[in-house]
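Visitor: please find the sequence and the predicted model below.
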There are 2 protein chains.
Amino acid sequence: MTSGAGFTIEKVAALAEASRMTIYKWWPSKGTLAQGGYFTVVAPTLAVPDTGDIVADLTDQLVAFVHLVRDTSAGRVISQLIGQAQTRPGAGRGLPGALLCPRRALAVEILTRAMAREQLRSDVDPESVVGQLWGACYHRLLIADLPLTEDFARTLVDNLVRGLR
Amino acid sequence: MTSGAGFTIEKVAALAEASRMTIYKWWPSKGTLAQGGYFTVVAPTLAVPDTGDIVADLTDQLVAFVHLVRDTSAGRVISQLIGQAQTRPGAGRGLPGALLCPRRALAVEILTRAMAREQLRSDVDPESVVGQLWGACYHRLLIADLPLTEDFARTLVDNLVRGLR
């Protein structure tokens, strides 16, 4: 993982549309957690693939995500962020969502483009598909009694694109 | 929700294949959380629907799950169970999985039956489908910036059964 030279609490706060105070409230002594979260969760979403092949693009993104959460400290950072959010009622609850939002927006963009190109049905709800790809991976990350593998990611894309019948 | 007359820590421990000590370690002062978890998470899985229509059976089960986690205290119980598991390394990590396992086994059973009846492709991986139905709902439950609705549940089933193309 890259070092956090350009990292500030302010950047995370801006990204999450939260105050500096809220960030400190969330991680009173865990600056490194927030720092890790910023670089591992958000930075990789800056690359937007567009090969014109929706199956390849979705698979590439999802496989990269699996490797990120399985082979780097990002998995622990993300699962702890989400875990901590469950016991903090009120406004703070949306923070993991806000931090993870850029990745989700990218996936919605890829799907919307594929719908416009008639590679997917025009009545698909992109957010539901994101839940069935990334959400299914989060499920395995958080309830870890089945392995989160590259094969699993490919199966998720295949199930949805081909359909189960 | 029913009262916990027949509830014991031993039953939860047996169910989770964990020792009584482990359960207390998990919820040192939260007996009611474990109790709530037992009744809301496990008890509803006792009913096994089999109308012969895989789409109807999956939809019924998933819609019931959405109502359970949205309209009863089960949602808070489940999200806190999963949340607490993220900061407890080692053996304890599998406990939410073990508690949620009976529900997942039921879903796998429904899917396997439908494959045998040729209502679904014979090469479907049932566990991956569970992740794309229940897992996608957990994703919305835990990262709560999009609503967990009955429509969402129906869309998840429809996406998978029809396919996105």
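Guide: Now that the structure is in, tell me what you want to look at.
Visitor: name the element the nearest residue to A:Gln86 once chain neighbours are set aside belongs to?
Guide: Once flanking residues are discounted, A:Gln86 sits nearest to B:Gly83: 2.7 Å by Cβ to Cβ, 6 or more residues apart in numbering or on different chains. Yep, even glycine has a C-beta here, placed from its N, CA and C like the rest. Taking DSSP states H and E as the definition, B:Gly83 sits inside helix B:74-85.
Visitor: cool, A:Ser122 as well?
Guide: Per DSSP H and E: nothing holds A:Ser122, as it lies in no helix or strand.
Visitor: ok, now A:Phe152?
Guide: Element membership for A:Phe152 (DSSP H and E) is helix A:150-162.
Visitor: what's in contact with that helix?
Guide: The contact list for helix A:150-162, computed with Cβ atoms under 8 Å, 6 or more residues apart in numbering or on different chains, reads A:54-55, A:58-59, A:62-63, A:65-67, A:129, A:132-133, A:136-137, A:140, B:124-125, B:128-129, B:131-132, B:159-160, B:163-165.
Visitor: what subset of those residues is buried?
Guide: A:54-55, A:58-59, A:62-63, A:65-66, A:129, A:132-133, A:136-137, A:140, B:124-125, B:128-129, B:131-132, B:159-160, B:163-164 (16 or more other Cβ atoms under 10 Å in any protein chain shown).
Visitor: in helices, which of those residues appear?
Guide: Secondary structure defined by DSSP state H assigns A:54-55, A:58-59, A:62-63, A:65-66, A:129, A:132-133, A:136-137, A:140, B:128-129, B:131-132, B:159-160 of the buried ones among the contacts of helix A:150-162 to helices.
Visitor: contact partners for A:Gly83?
Guide: When contacts are counted by Cβ under 8 Å, 6+ apart, A:Gly83 touches A:Leu142, B:Ile82, B:Gly83, B:Gln84, B:Ala85, B:Gln86, B:Thr87.
Visitor: please repeat the previous calculation with a cut-off of 10 Å.
Guide: Taking Cβ atoms under 10 Å, 6 or more residues apart in numbering or on different chains, we find A:Gly83 in contact with A:Pro96, A:Leu142, B:Ser79, B:Gln80, B:Ile82, B:Gly83, B:Gln84, B:Ala85, B:Gln86, B:Thr87, B:Arg88, B:Leu142.
Visitor: one more: A:Val124?
Guide: Neighbours of A:Val124 in contact, by Cβ under 10 Å, 6+ apart: A:Leu111, A:Thr112, A:Ala114, A:Met115, A:Leu160, B:Thr155, B:Asp158, B:Asn159, B:Arg162, B:Leu164, B:Arg165.
Visitor: separation between it and B:Leu81?
Guide: Here A:Val124 is placed at a distance of 33 Å from B:Leu81 (Cβ to Cβ, to the nearest Å).
Visitor: A:Ile78 now?
Guide: Counting by Cβ to Cβ, the gap from A:Ile78 to B:Leu81 is 18 Å.
Visitor: ok, A:Val55 next?
Guide: 36 Å.
Visitor: same deal with A:Leu68?
Guide: A:Leu68 sits 25 Å away from B:Leu81, going by Cβ to Cβ.
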